[in-house]
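*Asks:* got a predicted model here, sequence first, then my questions.
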Amino acid sequence: MKILTCPLNGPRNIAEFTYGGQVKPMPNPSEATDQEWAHYVFYGDNHIGVVREWWMHTPSSYWFIVERHNQTDEVIRTYDPAELFDVGASPAAEPTGADS
Amino acid sequence: MPFSLLKFGLNKDYPFEQIADLPGPTDLKSHYDVVIIGGGGHGVATAYYLAKYHGITNIAVLEKAYLGGGNTARNTAVIRSNYLTSAGVRFYTESVKLYERLSNEFDFNIMYSQRGQLTLAHTDATVRAFRQRAEVNKHFGGRTELIDRQAVGDLVPSLNLDPAGLPILAGLWHLDGATARHDAVAWGYAKGATQRGVELHQLTEVTRVDIEAGRVTGVQTNRGKVSCGCVVQAVSGLSADVSKMAGFPLPIVAYPLQAMVTQPVKPFLDPHVSSSALHCYVHQTSRGEIVIGGGSDPYPLYGTRSTLELKEGLIASAVEMFPFMSEMRLMRQWAGITDMTSDYSPIMGLSPVENYYLDAGWGTWGFKATPICGVTMAELVASGGKVPDLITPFSLDRFDAFRQVNEMGATAASH
């Protein structure tokens, strides 16, 4: 079984987690064109390499960030989203460290 | 006889003339009218129909490994057309019709076996969805009907009608459901294509796509450079990575799909049985092995590793359906990489590069579409970019226009 280290709950069986999609900067919904919005919704960084993703520890409903290599399945790092996002700001805030 | 046998054993040359199915390797030419990236079922089928119906034979199929060695070899070989959307059903129904006569056409046995496919409904909502699927399928010429619980039991006597506390209410009985030997499909197309002059280059990896003023002019490979009139990309599993070489992204996420077979046993199961709620399907091969498969993995990966969780889940569901299978042993497992799109439909047709044609986005529905993909992609290439009606709903620009096909009849889709 594969172990994923939750920043809140420590190392747990990966079956306890839910994948939540890639971390990608959201355009402002009221200003984005349809095409920009479509691009945000349907496209992502789908090339072989390290990707930054949302994961949730299902029993505790805790969302966090995982950096993972999408071919070797090696988890590079897991951390609290506060590292990327200003948690006090509005939900549409851009992630500060996102590079995609 | 023993003497002549001994003579043959000591002879350096085989005493009978052998006709190879495929010609031996040759050098790459400097120019081809059509370069097809990917020597899987779809790639060689496209080459076959181009040569057969359109008289275009100056074609190179470039395959980085071996013929049909990627996802063509890794699917569970199910052929069916009982999807949900008009676009999907129309397309897959044509594919089923082509499959039915493929062995004759090739003069090569693809072991096509029309044993029917039974999908089980455990909720009222699924029964309603099945009723719609049956009607859509009938409308487009497929043979599908809704049958009740008792008829399900009569059809598959070994099936537990109350698996995992989810009583079976009804079944979607698809008489056109079939299986075929997936390798043989690739071999048959490759044989037919190369006999007509198509070149199949194995161990030839495309490393760069040359584009000038929005048009493909050629490709670089590990065996040198070739120029070409147009390119067809048919590399499901790695579609997004290859399209990156041509300079555009694809709305595809790669997920592994795991499957397994048990040890062979005596024949007990004629149809292919699939449960919408247990996310598991089962059929018995002509060798007697039980193939067990289901949906894609829970998170994306460009890898074909196996996981204990998927095996546990699938086997638990399979044993719920056929309890006596708990005594059987697993013989083999494998995984393929599926090109998942958000609407469970392929991406076929034109791309942002003018003469670069796409055959991508084959999630859990690629093998069954092989013949019709070959026919439609060949038509597209031969007409210089006029998209055949059958595949216009699957264009890449549907995502920008929010015109998804929403194929909820796909195996990976939850019903």
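*Replies:* Sure thing, it's come through.

*Asks:* and residue 73, its phi and psi?
*Replies:* Let's take chain A. Residue A:73 adopts backbone torsions of phi 60, psi 20, taken as degrees, to the nearest 10.

*Asks:* and chain A, which residues reach chain B?
*Replies:* Residues of chain A found near chain B, taking CB under 8 Å from any CB of the partner chain as the criterion, are A:1-2, A:14-15, A:18-19, A:34-35, A:38-39, A:41-44, A:46-48, A:51, A:53, A:70-73. For glycine as for every other residue, the C-beta is placed from the backbone atoms N, C-alpha and C.

*Asks:* grab the nearest non-local neighbour of residue B:159.
*Replies:* If you skip the residues right next to it in sequence, residue B:159 has residue B:321 as its closest partner in space, 6.0 Å away by CB to CB, 6 or more residues apart in numbering or on different chains.

*Asks:* residues near that neighbour, how many?
*Replies:* Residue neighbour count, defined by other CB atoms under 10 Å in any protein chain shown, stands at 24 for residue B:321.

*Asks:* where do the helices sit along chain A?
*Replies:* With DSSP state H as the definition, chain A shows helices at residue ranges A:34-42.

*Asks:* shaky segments in it?
*Replies:* Low-confidence segments of chain A (pLDDT under 70): A:87-100.

*Asks:* need phi/psi at residue B:183.
*Replies:* Per-residue torsions, residue B:183: phi -60, psi -40 (degrees, to the nearest 10).

*Asks:* any idea how far chain A is from it?
*Replies:* Distance from residue B:183 to chain A, counting by CB to the nearest CB, to the nearest Å: 25 Å.

*Asks:* which ChimeraX command selects the buried ones in the residues of chain A next to chain B?
*Replies:* What follows is the ChimeraX syntax selecting those of the residues of chain A next to chain B that are buried according to 16 or more other CB atoms under 10 Å in any protein chain shown:
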select /A:14,15,19,38,39,42,43,44,46,47,48,51,53,70,73
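
*Asks:* coming back round to it: contacting residues around the residue nearest to residue B:159?
*Replies:* Residue B:321 makes contact with B:159, B:160, B:163, B:273, B:275, B:278, B:280, B:282 under the criterion CB atoms under 8 Å, 6 or more residues apart in numbering or on different chains.

*Asks:* does the second one count as helix, strand or coil?
*Replies:* Secondary structure state of residue B:160, per DSSP: H, G, I helix; E, B strand; the rest coil, is coil.

*Asks:* one step back: in strands, which of the contacts of residue B:321 fall?
*Replies:* Among the contacts of residue B:321, DSSP state E puts B:273, B:275, B:280, B:282 in strands.

*Asks:* let me have those residues in CSV, extended by distance to chain A.
*Replies:* Written out in CSV, the entries for these read as follows (distance: CB to the nearest CB, whole Å):
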residue, distance to chain A
B:273, 26
B:275, 21
B:280, 17
B:282, 23
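
*Asks:* check which helix or strand covers residue B:173.
*Replies:* When secondary structure is defined by DSSP states H and E, residue B:173 falls within strand B:170-174.

*Asks:* listing partners with orientation, what would you give for that strand?
*Replies:* Paired with strand B:170-174 in the same sheet, following DSSP bridges, are strand B:117-121 (antiparallel), strand B:144-148 (antiparallel).

*Asks:* which one of the ones you listed is the most hemmed in?
*Replies:* strand B:117-121 (a mean of 26; mean count of other CB atoms under 10 Å in any protein chain shown).

*Asks:* quick one: distance of it to the chain centre.
*Replies:* Counting by CA atoms, centre = their mean, to the nearest Å, strand B:117-121 is centred 20 Å from the centre of its parent chain.

*Asks:* keeping just the C-alphas, turn whatever helix or strand comes next after it into CSV.
*Replies:* Where DSSP H and E defines the elements, the next helix or strand beyond strand B:117-121 is helix B:124-139. Coordinates of each C-alpha in helix B:124-139 appear next as CSV, following Å, rounded to 0.1, in the frame of the first residue of the first chain:
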residue,chain,number,x,y,z
ASP,B,124,-34.3,3.1,-10.3
ALA,B,125,-32.2,5.9,-11.7
THR,B,126,-30.0,3.5,-13.6
VAL,B,127,-33.0,1.7,-15.0
ARG,B,128,-34.3,5.0,-16.4
ALA,B,129,-30.8,5.7,-17.9
PHE,B,130,-30.7,2.2,-19.4
ARG,B,131,-34.1,2.7,-21.0
GLN,B,132,-32.8,5.8,-22.7
ARG,B,133,-29.7,4.0,-23.8
ALA,B,134,-31.7,1.1,-25.2
GLU,B,135,-33.8,3.4,-27.3
VAL,B,136,-30.9,5.5,-28.6
ASN,B,137,-29.1,2.3,-29.5
LYS,B,138,-32.1,0.8,-31.3
HIS,B,139,-32.6,4.1,-33.2
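
*Asks:* stretch B:25-41 - what's its average pLDDT?
*Replies:* Throughout stretch B:25-41, pLDDT has a mean value of 96.

*Asks:* show me what counts as buried in that stretch.
*Replies:* Of the residues in stretch B:25-41, those with enough neighbours to count as buried (16+ other CB under 10 Å) are B:28, B:32, B:34, B:35, B:36, B:37, B:38, B:39, B:40, B:41.

*Asks:* so what's the third one up against?
*Replies:* Residues in contact with residue B:34 (CB under 8 Å, 6+ apart) are B:47, B:50, B:56, B:58, B:59, B:60, B:228, B:229, B:230, B:231, B:232, B:381.

*Asks:* can I get those in CSV with neighbour count, pLDDT and distance to chain A?
*Replies:* Supplementary listing: the contacts of residue B:34 in CSV, determined by neighbours: other CB atoms under 10 Å in any protein chain shown; pLDDT from 0 to 100; distance: CB to the nearest CB, whole Å:
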residue, neighbour count, pLDDT, distance to chain A
B:47, 34, 98, 27
B:50, 27, 98, 29
B:56, 21, 97, 32
B:58, 16, 98, 32
B:59, 28, 98, 28
B:60, 25, 98, 25
B:228, 22, 97, 24
B:229, 19, 97, 28
B:230, 20, 97, 24
B:231, 28, 98, 19
B:232, 27, 98, 21
B:381, 25, 98, 26
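
*Asks:* got CSV for these, with secondary structure and distance to residue A:84 too?
*Replies:* Shown next, in CSV, are these (DSSP: H, G, I helix; E, B strand; the rest coil; distance: CB to CB, whole Å):
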residue, secondary structure, distance to residue A:84
B:47, helix, 47
B:50, helix, 49
B:56, coil, 52
B:58, coil, 52
B:59, strand, 48
B:60, strand, 46
B:228, strand, 44
B:229, strand, 47
B:230, strand, 43
B:231, strand, 39
B:232, strand, 40
B:381, helix, 45
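
*Asks:* can you put those in a markdown table and add distance to residue B:69?
*Replies:* A markdown table is the format used below for those (distance: CB to CB, whole Å):
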| residue | distance to residue B:69 |
| --- | --- |
| B:47 | 16 |
| B:50 | 22 |
| B:56 | 25 |
| B:58 | 25 |
| B:59 | 20 |
| B:60 | 18 |
| B:228 | 23 |
| B:229 | 27 |
| B:230 | 25 |
| B:231 | 21 |
| B:232 | 19 |
| B:381 | 24 |
